[in-house]
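Engineer: Using only what follows, build the 3D model:
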Amino acid sequence: MIRLLVKFKDRTIKEFALDRIDALSIGRNPNHHLVIDNYAVSGDHAVILKQGNRYTLKDTNSKNGTFLNGLTVEQAPLKNGDVITIGKHTLVFLDRGRPRPRPEQGGLKTSALPGDPGPDHTMFMDTEVYRRMLAESGDIPEIKTAEAYVAFLSGGNGRYDLIKSLVTIGRTHRCDIVIGGFFSFLAGDPAAAISKTPQHHYISSVSGWIKPKVNGQTVRGPIRLKHMDIIKIGSVVLQYASSSQSTH
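Structural biologist: Got it, this is the predicted structure:
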């Protein structure tokens with residue numbers, strides 16, 4: 001049986017038998033097979049397509065991207081044990097009929113898919129995914145997690161540890177990081193979001209007139225944060241730090 005396990009905070013909350021579904025749609029809109037209701041998920045976010053005996057993950061022009069084993073993908077084939085990250089949810093693809101591929105010594109380095117349109121699209125191929133392949137017991141691959149935080153340079157004090165899957169920045173106290181100041185009413189609720197993948201953090205604009213800037217450049221679509229990047233949103237200025245990147 002080919003299954004998709006839907007996990008939230010390490011707990012399986014739903015399961016789909018994919019061999020009975022030709023196209024499993026994912027998004028925030030209530031008409032999808034899998035409805036995920038949070039800020040990071042687009043109304044129409046992604047779809048898993050059955051094509052003969054193969055399954056393909058396809059991003060459907062989502063705003064914050066679809067992640068496969070820690071990398072953003074536009075379209076990619078699925079293999080047993082693959083881990084999909086959408087918003088705060090983790091989807092695990094399990095195909096008992098096929099052996100899980102084993103990486104070469106030192107890890108599995110991904111390469112561009114045929115027809116990849118290049119770095120201006122949502123395919124990022126500048127990292128290595130290190131996976132420890134477990135026995136064929138249904139356990140998902142272990143993926144390194146990044147230890148990171150943002151330190152306040154202005155508009156706040158101390159630091160905020162980026163532990164959550166999604167950290168929101170906006171004008172009200174419903175957000176994790178609150179933008180103050182006279183013009184804060186122009187910021188969205190949230191204005192921006194920092195999303196966590198197994199290996200990196202990405203920041204993207206969400207709503208409102210005030211847009212986030214990274215190193216002086218306005219952010220619209222999701223961009224990957226690098227160690228010591230400066231983030232500015234209204235009166236809030238943050239510096240991103242990642243222990244996994246600082247040693248390189």
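
Engineer: Let me know the pLDDT of Gly115.
Structural biologist: Note on Gly115: pLDDT of 38.

Engineer: swap that for Glu128, please
Structural biologist: Glu128 carries a pLDDT score of 31 in this model.

Engineer: before we move on, what about Asn53?
Structural biologist: With respect to pLDDT, Asn53 scores 87.

Engineer: before we move on, what about the one 10 residues further on?
Structural biologist: Lys63 carries a pLDDT value of 86.

Engineer: tell me the phi and psi of it?
Structural biologist: phi -80, psi -40 (degrees, to the nearest 10).

Engineer: So it is in contact with Gly221, correct?
Structural biologist: Yes: using CB atoms under 8 Å, Lys63 is in contact with Gly221, at 7.2 Å. The way it works is simple: take the backbone N, C-alpha and C, and place the C-beta from them, glycine included.

Engineer: Spell out which residues are contacts of both of the two.
Structural biologist: Ser204 (CB atoms under 8 Å, 6 or more residues apart in numbering).

Engineer: So the two - more neighbours on which side?
Structural biologist: More neighbours surround Lys63 than the other of Lys63 and Gly221, with 17 against 13 (other CB atoms under 10 Å).

Engineer: tell me the contacts of that one?
Structural biologist: Neighbouring residues of Lys63 by CB under 8 Å, 6+ apart: 42, 204, 221-222.

Engineer: how near is it to Ala46?
Structural biologist: 12 Å (CB to CB, to the nearest Å).

Engineer: Check Pro222 too.
Structural biologist: For Pro222, the distance to Ala46 - CB to CB - is 14 Å.

Engineer: Counting neighbours, go ahead and name the busier of the two.
Structural biologist: Ala46 (28 against 22).

Engineer: From what I see, that one and Asn61 are in contact.
Structural biologist: No: with contact defined as CB under 8 Å, Ala46 does not reach Asn61; the gap is 9.7 Å.

Engineer: If Leu238 is in a bridge, with which residues?
Structural biologist: Beta-bridge partners recorded for Leu238 (DSSP bridges): Phe152, Ile231.

Engineer: residue contacts, it?
Structural biologist: Contacts for Leu238 were tallied using CB under 8 Å, 6+ apart; they are 150-153, 160, 177, 230-232.

Engineer: Give me the buried entries from these.
Structural biologist: Buried members of these, scored by 16 or more other CB atoms under 10 Å, are 150, 160, 177, 231-232.

Engineer: can you list these in TSV and add pLDDT and distance to Asp10?
Structural biologist: Below are these laid out as TSV (pLDDT from 0 to 100; distance: CB to CB, whole Å):
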residue	pLDDT	distance to Asp10
Val150	94	24
Tyr160	93	22
Ile177	94	25
Ile231	96	28
Lys232	95	34
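
Engineer: so which of the residues you listed comes closest to Thr56?
Structural biologist: Among those, Ile231 lies closest to Thr56 (CB to CB), at 34.5 Å.

Engineer: right, and that closest one touches Val214 too?
Structural biologist: Yes: Ile231 is within contact range of Val214, at 5.6 Å (criterion: CB under 8 Å).

Engineer: Name all residues that sit in contact with the two at the same time.
Structural biologist: 203, 225.
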